[in-house]
Every structure is written in structure tokens, then in C-alpha cells.
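Trainee: No sequence on hand, only this structure:
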Ligand code: ADP
């Protein structure tokens, strides 16, 4: 039985419903989406814990209830009476989605203030899973604390899995973002970047250049996603390309990368080859983008 600890921020999501002017309330966030799919895929073979901080108010209770109902472990979620959870609103303008966020003071931003709590949560885990968004929301000093804890976790035999998920507007500057991303690449074993973002912010000429940058930083296993394009993989010094069948119907690409990561990791943890794990990730994300919303029940099919 494998234990995975996903570290990050779950937010309240308000999304338009069919009824004009009405919004539905849900919960989502990149690392949470991946944890949610992983939980479904792993069944009895895995325990998936979420590591974050929430408030002590009613909406925070509801968020914990949602996580528990999904089978995600909440034991290590810190409760902060002085803060509450972040929120985002999906706006629709002639079919185009855009997002408005209220997350600057969210409880999750304070999750790394208690280093001992983080160490305890990771103790005995097989995998620590985090993203560029996880580190973007932390104050710089707390980011350094988390990197140190991950480094120790790795030295103790744990595997660190990192999706750079570049979101420039969460950072003070592009240089701060790219610097911090590479700092965390140095403490990661598996890196799961998306090529388009990497090319934009790191200037990579092609997916191989992205993979090389992360392998040079010390990650032995890099899977470069590229929307409907081929996936470039470096695994233990071996490079290969995995073909993606472009989806016939793309309804909503939200969580394409997150669900890919979950499908990939579940197969990897089940002992499948790199080729099989990548194919498995691509198959899940192809189904997820055929549905509305970040969390799609298709994963159980
Ligand atoms: P992100 O959501 O992080 O930007 P990508 O756009 O790179 O992620 O997509 C992640 C994965 O989702 C891809 O590697 C691919 O397997 C799958 N995917 C994305 N778009 C399509 C598509 N149009 N057709 C089929 N698969 C897709």
C-alpha cells in the first residue's frame, strides 16, 4: 500500500450554472485535482493525503467534508482560526471562460509556518506531490523551509513529484518564478512540466530542452506534456517520445495536466513501465477534457 501526500491549496470554486445568473459551489485546485483522481485510480492500493491549511469556519468544514467524502486523508490539514480558504469565480463571456481569484490571504499560504507539522505529515510517505502553485503561494522563507523538508524526505527514501505549473501572476516577478521552480527541481525526482508554458517562461527551444533542463537539475524522470502534441520523456538517462491521439471532442481542458499526472503516477506506483505510465496519463486526461469541470466521474469507468 503506497501513501501519497499531495501538498497545495484547495479553493472554493463558484461556476455558472444553466440558470442565468446563478452559481454552483464546488472545490478544486491543481494538486487537489490530481489527488482526487489518484484516489479514484488507486483504490485500496493507496492512501492519498492532502496537506494544506484551512480556516475553522463553516466553509472550511465543508471543504474538509468534501475531501473526506472523496476518500482523501485530511489528518494533516492544519486549522487556522485567523484565516479562511481561498475562492475563485469562473466567469463566462460569450462562451469564453475567465477566472477571478480571492486567495491572497488564504489559510493555505500559511501551511509551511509549522515545519514540524510538515515533517510529520510526510513521515513514512512514499510520494510527496506538489506544484509550482504550491510554492508560489508560500512566503519566500516558508518556501525555503519546504524545500529543506523535501530534500530530507528524499534523502530518507521518499520520492518527490513536481509539476512546475507556471503561473506568472502568482509571482512577484518572472525571475522569482523561474528561480524558485528550478530550486524545487533540485529536490525533485519526477518532474511533469507542460511544454508551452516552459517554452514561454524558460525559452526552451523544444521539449527535449525542457527535459534536459530538469534532468540537469537532478530529476531522473521527466515527462514533458504538450497539449495534443507528442509527450517527450526522459527516464533514467533514456529518452523516448509517446504519441498522443488528439481528442475528437475537447469540451473543457481544465485539469488536463492534473489528471494526466494522476493517471501517470497511479500506473508508475503500480509498477508499470515509463511507456505504460505515460500512456495511462494521456488516456485519463483525454477523457477528462471531454467533460465539463475539473473533476470528472469518468475516472472511475
Ligand atoms: P496543462 O493542462 O498542464 O496545460 P497540457 O495542455 O500539456 O496540460 O495537457 C496535458 C495532457 O492532456 C497532454 O499531455 C495530453 O495527454 C492531454 N491532452 C491535452 N489536450 C489534448 C487534446 N486536444 N487531445 C488529446 N489529449 C490532450
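Mentor: Structure received. Please read these numbers as outputs of a predicted model, since none were measured by experiment.

Trainee: Which helix or strand contains the residue of the stretch 151-300 of the chain found nearest the ligand?
Mentor: Going by C-beta to the nearest ligand atom, the ligand is nearest to residue 257 of the stretch 151-300 of the chain, at 2.2 Å. (Glycine included, C-beta is placed from N, CA and C.) Assessed by DSSP states H and E, residue 257 sits inside helix 256-269.

Trainee: pLDDT below threshold where in the protein?
Mentor: Counting by pLDDT under 70, the chain contains low-confidence ranges at 297-301.

Trainee: switch to 90 and redo it
Mentor: Scanning the chain for pLDDT under 90 picks out the ranges 16-21, 44-45, 91-98, 247-255, 289-301.

Trainee: in it, which spans are strands?
Mentor: 2-7, 11-16, 23-28, 46-51, 53-54, 78-79, 87-93, 96-102, 127-131, 159-163, 190-191, 221-224, 231-235, 238-242 (DSSP state E).

Trainee: Give me the number of neighbouring residues for the nearest residue to residue 146 once chain neighbours are set aside.
Mentor: Of all residues not flanking residue 146 in the chain, residue 112 sits nearest, at 4.9 Å (C-beta to C-beta, 6 or more residues apart in numbering). Counted with other C-beta atoms under 10 Å, residues neighbouring residue 112 total 26.

Trainee: How about the contacts made by residue 112?
Mentor: Shown in contact with residue 112 (C-beta atoms under 8 Å, 6 or more residues apart in numbering): 118, 138, 142, 143, 145, 146.

Trainee: So which bits of the protein are right by the ligand?
Mentor: Contact residues (C-beta under 6 Å from any ligand atom) of the chain with the ligand: 194, 225-228, 231, 244, 246-247, 250, 253, 256-257, 260, 282, 285-286, 289.

Trainee: Can you go through the residues you listed and name the buried ones?
Mentor: 194, 225-226, 231, 244, 247, 256-257, 260, 282, 285-286, 289 (16 or more other C-beta atoms under 10 Å).

Trainee: Minimum distance to the ligand, which residue of the stretch 1-150 of the chain gives it?
Mentor: For the stretch 1-150 of the chain, C-beta to the nearest ligand atom, closest residue to the ligand: residue 30, 8.3 Å.

Trainee: Neighbours of the closest residue to residue 241 other than its chain neighbours, how many?
Mentor: Sequence neighbours aside, residue 230 is the residue nearest to residue 241 in space, at 4.9 Å (criterion: C-beta to C-beta, 6+ apart). By other C-beta under 10 Å, 14 other residues sit near residue 230.

Trainee: Wait, residue 230 touches residue 245, no?
Mentor: No. Taking contacts as C-beta atoms under 8 Å, residue 230 lies outside contact range of residue 245: 10.7 Å.

Trainee: Surely residue 6 and residue 49 touch.
Mentor: Yes. Using C-beta under 8 Å, residue 6 is in contact with residue 49, at 7.2 Å.

Trainee: Walking through the stretch 201-301 of the chain, point out its helices one by one.
Mentor: Ranges of helices within the stretch 201-301 of the chain are 207-216, 256-269, 274-288, based on DSSP state H, counting those that start in this stretch.

Trainee: for the ones you listed, which one ends up most surrounded?
Mentor: helix 256-269 (a mean of 27; mean count of other C-beta atoms under 10 Å).

Trainee: between it and strand 46-51, how big is the angle?
Mentor: Angle, helix 256-269 to strand 46-51, by axes from the mean of the first three to the mean of the last three C-alpha atoms, to 10 degrees: 140 degrees.

Trainee: Report all helices and strands that helix 256-269 contacts.
Mentor: On a contact count with 3 or more C-beta pairs under 8 Å, 6 or more residues apart in numbering; DSSP states H and E, helix 256-269 meets strand 2-7, helix 30-42, strand 127-131, strand 159-163, helix 274-288.

Trainee: try 6 Å
Mentor: Helices and strands touching helix 256-269, by 3 or more C-beta pairs under 6 Å, 6 or more residues apart in numbering; DSSP states H and E, are helix 30-42, helix 274-288.

Trainee: okay if I get these as TSV plus distance to residue 128?
Mentor: Formatted as TSV, the helices and strands packed on helix 256-269 follow (distance: least, C-beta to C-beta, whole Å):
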stretch	distance to residue 128
helix 30-42	11
helix 274-288	18
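
Trainee: circling back to that earlier point, tell me how far the residue of the stretch 151-300 of the chain closest to the ligand lies from residue 200.
Mentor: Note on residue 257: its distance to residue 200, by C-beta to C-beta, to the nearest Å, is 15 Å.

Trainee: Buried residues, stretch 145-152. List them.
Mentor: For stretch 145-152, by 16+ other C-beta under 10 Å, it's 145, 146, 147, 149, 150.

Trainee: Name the nearest residue to the third one, sequence neighbours excluded.
Mentor: If I follow you right, that is residue 147. That would be residue 187: by C-beta to C-beta, 6+ apart, it lies 5.5 Å from residue 147.
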